[in-house]
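> after the sequence you'll find the predicted model.
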Amino acid sequence: MSPAHRVVVTGLGQVSALGTDVASFSDAVFAGRPSVRRLDALGAPGVEDPIGASIVGFDPSAWLSPRAVPTTPRAAQYALAAAAQAFTAAGLERTDRPRGGVFVGTGFGGIAESEETYRACFTQPGQRPRPLAIPTAMANAAAGLLASELRLKGENLTLTVACSSATHAIGQAFRLLRAGGADLMLAGGTDAPLTPIVVAAWSAMRVLAPAGIDPTRACRPFSRDRQGIVIGEGAGFLVLETLDHARGRGARPLAEVVGYGANADAGHVTHPDLSGVKSCMALALADAGLGPEAVGYVNAHGTGTAANDSTEARAIAELFGAHASRLLVSSTKAVHGHAMGAAGALETVATVLALATGQIPPTANFVEADPDLPPLDFVPDGGRKAAIEVALKSSFAFGGNNAVLALRRMG
Amino acid sequence: MTPDTFERVRRIVAKYLNVPAESVGEDSKLEELGFDSLGALELVFEIEEEFKVSVPDDRIPEFNTVRAVCDGIEALRGT
């Protein structure tokens, strides 16, 4: 077996409620400034006063030919915008790359387009599905678009693992690169779940935070008064490459991916499992060859629900033991919302920025410690300066699915 | 090909291509205008909706210019 390759991040890109470039994302994430608004026109059945971290002012024609815009699904538009940013930031040209691939995580794929097709066909007599109904609804529409636009002719996969989709996509790309199966991978996730039925269905599960007087205060991860999820949308992408490949072309690494853990609770479909979550973090550390004391920061899944945050905080406290008191733990979901299949990608972008800049993003809207949770440092509003060496990025999904990445600062 | 048919087809083609209707001529070739195989299916779909006709699969290859599309529609409508 050939020796393992080191894998580095050389480019970042994102589209979210916080803006359509990495600079606006970084400003809002590190300031703990949420972008959540009322969605009065959504038309989600049975949902009074819906809110979301929705994208405003996104112009797909900045990334796609105007002709392609109406026939390109929204999640693929977001993906291309984020991926093209990452590509440009990494200093890459759009030339054919047989050893460059694309791994995309998505929870909902083309559900916005599917809902429109169903609405038209079920409500308008004689209405048929359009010829593009299949290519716009398929979950891998984004992956195909990224390959053709950015000329990446290597492995091209779509991972749909609910809320841990993007984290798995990054982790699987890391494994492929480490094993020598590719030189360069575009990995991340995309989702456009702010649709009438998806929002109404989440509401039916009774996990959405109510709008309240100020929707930007609705999502409060780890805080005693937390009240649920705020759904977000968007895409995040990273250019990952072997260190040799990056050095060979003179690219500047932003951080190194050093470990990936993936496992299943084999338990309840929606309720997180402490041992599964804890084991997954341990798997990522073991994969990286690191002990818990090496970690300085955990970018948590931190959805803002009672069950997730409680389980996750306990798992962190148990795994890290005495070191837990020195650990910084924050969730950025209050700021950009829970972007579902894209969440892990946006949050990995935040984690790479934390490693590269020595800034730790705060848990926005954290107002009061929950006495039922272990007393971790959740980095309440304001953020922190800390030159951390290693960070974990966790994502947990319905279906009892867990994914954790370990990332290291470049020396 | 009647002026009415041409105008309606031209409007559909121009909308799909996101170009001014004036840029679509009677003898414009669909492939040169930018229609690929999937685009051609979308065009046929729009024509079926607009003209309330059903285009058989084996007639689609004949639809290679704006004029051929218009003539084909009128043949299908028996006008």
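Sure thing, it's come through. Residues are numbered from 1 along each chain as shown, chains lettered A, B, ... in the order given.

> CA only for contacts and neighbour counts going forward, please
Fine.

> which parts of chain B sit against chain A?
Contact residues (CA under 8 Å from any CA of the partner chain) of chain B with chain A: B:16, B:17, B:18, B:38, B:41, B:42, B:45.

> any of the residues you listed buried? List them.
Buried by 16 or more other CA atoms under 10 Å in any protein chain shown: B:16, B:17, B:41, B:42, B:45, out of those.

> what's the nearest residue to the second one if we skip its chain neighbours?
Of all residues beyond its chain neighbours, the one nearest residue B:17 is residue A:67 (5.5 Å), with distances taken as CA to CA, 6 or more residues apart in numbering or on different chains.

> that neighbour falls within a helix, correct?
No: remark: residue A:67 does not belong to a helix; assigned using DSSP: H, G, I helix; E, B strand; the rest coil, it is coil.

> for it, phi and psi?
phi -70, psi -30 (degrees, to the nearest 10).

> and the pLDDT for it?
Looking at residue A:67, its pLDDT stands at 82.

> that one against residue B:16, yeah?
Yes: the criterion here is CA atoms under 8 Å, and residue A:67 meets it with residue B:16 at 7.2 Å.

> surely residue A:312 is in a strand?
No: counting by three-state DSSP, residue A:312 is not found in a strand; it is helix.

> and it, how many neighbours does it have?
When neighbours are counted by other CA atoms under 10 Å in any protein chain shown, residue A:312 registers 25.

> quick one: contacts for it?
A:274, A:277, A:278, A:300, A:301, A:302 (CA atoms under 8 Å, 6 or more residues apart in numbering or on different chains).

> and of those residues, the nearest to residue A:244?
Closest approach to residue A:244 among the contacts of residue A:312 (CA to CA): residue A:300, at 30.6 Å.

> I'd guessed the closest one sits against residue A:391; true?
No: using CA under 8 Å, residue A:300 makes no contact with residue A:391, being 10.2 Å away.

> may I ask which two of the buried ones among the residues of chain B next to chain A are separated the most?
Maximum pairwise distance among these (CA to CA): 14.7 Å, between B:17 and B:45.

> how about stretch A:122-129 as CSV, C-alpha atoms only?
Backbone C-alpha positions of stretch A:122-129 (Å, rounded to 0.1, in the frame of the first residue of the first chain) are rendered in CSV as follows:
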residue,chain,number,x,y,z
PHE,A,122,-52.3,17.9,-9.0
THR,A,123,-54.1,21.2,-9.1
GLN,A,124,-54.4,22.1,-12.8
PRO,A,125,-56.5,19.8,-14.9
GLY,A,126,-54.6,18.4,-17.8
GLN,A,127,-51.2,19.7,-16.6
ARG,A,128,-48.3,17.3,-17.4
PRO,A,129,-44.8,17.2,-15.9
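
> residues of stretch A:126-137 that come out buried?
In stretch A:126-137, counting by 16+ other CA under 10 Å, buried: A:131, A:132, A:133, A:135, A:136, A:137.

> is chain B contacted by the host helix or strand of the fourth one?
In this structure, residue A:135 sits in helix A:133-137 according to DSSP states H and E. No: using CA under 8 Å from any CA, helix A:133-137 stays clear of chain B, coming no nearer than 9.7 Å.

> what is that helix packed up against?
Helices and strands touching helix A:133-137, by 3 or more CA pairs under 8 Å, 6 or more residues apart in numbering or on different chains; DSSP states H and E, are helix A:111-123.

> returning to what we had before: shared neighbours, residue A:67 and residue B:16?
By CA under 8 Å, 6+ apart, no residue touches both residue A:67 and residue B:16.

> in chain B, what residue spans correspond to helices?
Assignment of helices within chain B using DSSP state H yields the ranges B:3-17, B:30-33, B:37-51, B:66-77.

> wait, which of the ones you listed is closest to residue A:145?
helix B:37-51 (14.9 Å).

> for that closest one, buried residues please.
B:39, B:40, B:41, B:42, B:43, B:44, B:45, B:46, B:47.

> repeat that for stretch B:12-22.
In terms of neighbour count (16+ other CA under 10 Å), stretch B:12-22 has its buried residues at B:12, B:13, B:14, B:16, B:17, B:21.

> cool, stretch A:138-150 as well?
Buried-residue list, stretch A:138-150, by 16+ other CA under 10 Å: A:138, A:139, A:140, A:141, A:142, A:143, A:144, A:145, A:146, A:147, A:150.

> which residues touch the last one?
If I follow you right, that is residue A:150. Residue A:150 makes contact with A:84, A:94, A:95, A:96 under the criterion CA under 8 Å, 6+ apart.

> quick check: closest non-adjacent residue to the third one.
Spatial nearest neighbour of residue A:95, excluding adjacent residues (CA to CA, 6+ apart): residue A:151 at 5.7 Å.

> can you check the second one too?
Ranked by CA to CA, 6+ apart and with sequence neighbours excluded, the top spatial neighbour of residue A:94 is residue A:150, at 5.1 Å.

> model confidence for that neighbour, exactly?
For residue A:150, the model assigns a pLDDT of 98.

> for stretch A:167-180, output the C-alpha coordinates as CSV.
Extracted C-alpha coordinates of stretch A:167-180, given in CSV (Å, rounded to 0.1, in the frame of the first residue of the first chain):
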residue,chain,number,x,y,z
THR,A,167,-19.9,16.5,6.4
HIS,A,168,-19.8,13.0,4.9
ALA,A,169,-19.1,14.4,1.4
ILE,A,170,-16.1,16.2,2.8
GLY,A,171,-15.0,13.2,4.8
GLN,A,172,-15.3,10.8,1.9
ALA,A,173,-13.4,13.2,-0.3
PHE,A,174,-10.7,13.3,2.3
ARG,A,175,-10.5,9.5,2.4
LEU,A,176,-10.3,9.3,-1.4
LEU,A,177,-7.5,11.9,-1.6
ARG,A,178,-5.6,10.3,1.3
ALA,A,179,-5.7,6.9,-0.4
GLY,A,180,-4.4,8.4,-3.6
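
> rewinding a little: may I see the PyMOL selection of the buried members of the contacts of residue A:312?
Buried residues within the contacts of residue A:312, by 16+ other CA under 10 Å, are selected in PyMOL with:
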select buried, chain A and resi 274+277+278+300+301+302
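
> what about residue A:162, distance to residue A:103?
Separation of residue A:162 from residue A:103 (CA to CA, to the nearest Å) stands at 15 Å.

> with neighbour numbers in mind, choose between these two.
Each of residue A:162 and residue A:103 has its neighbours counted (other CA under 10 Å); residue A:103 has more, 27 against 22.
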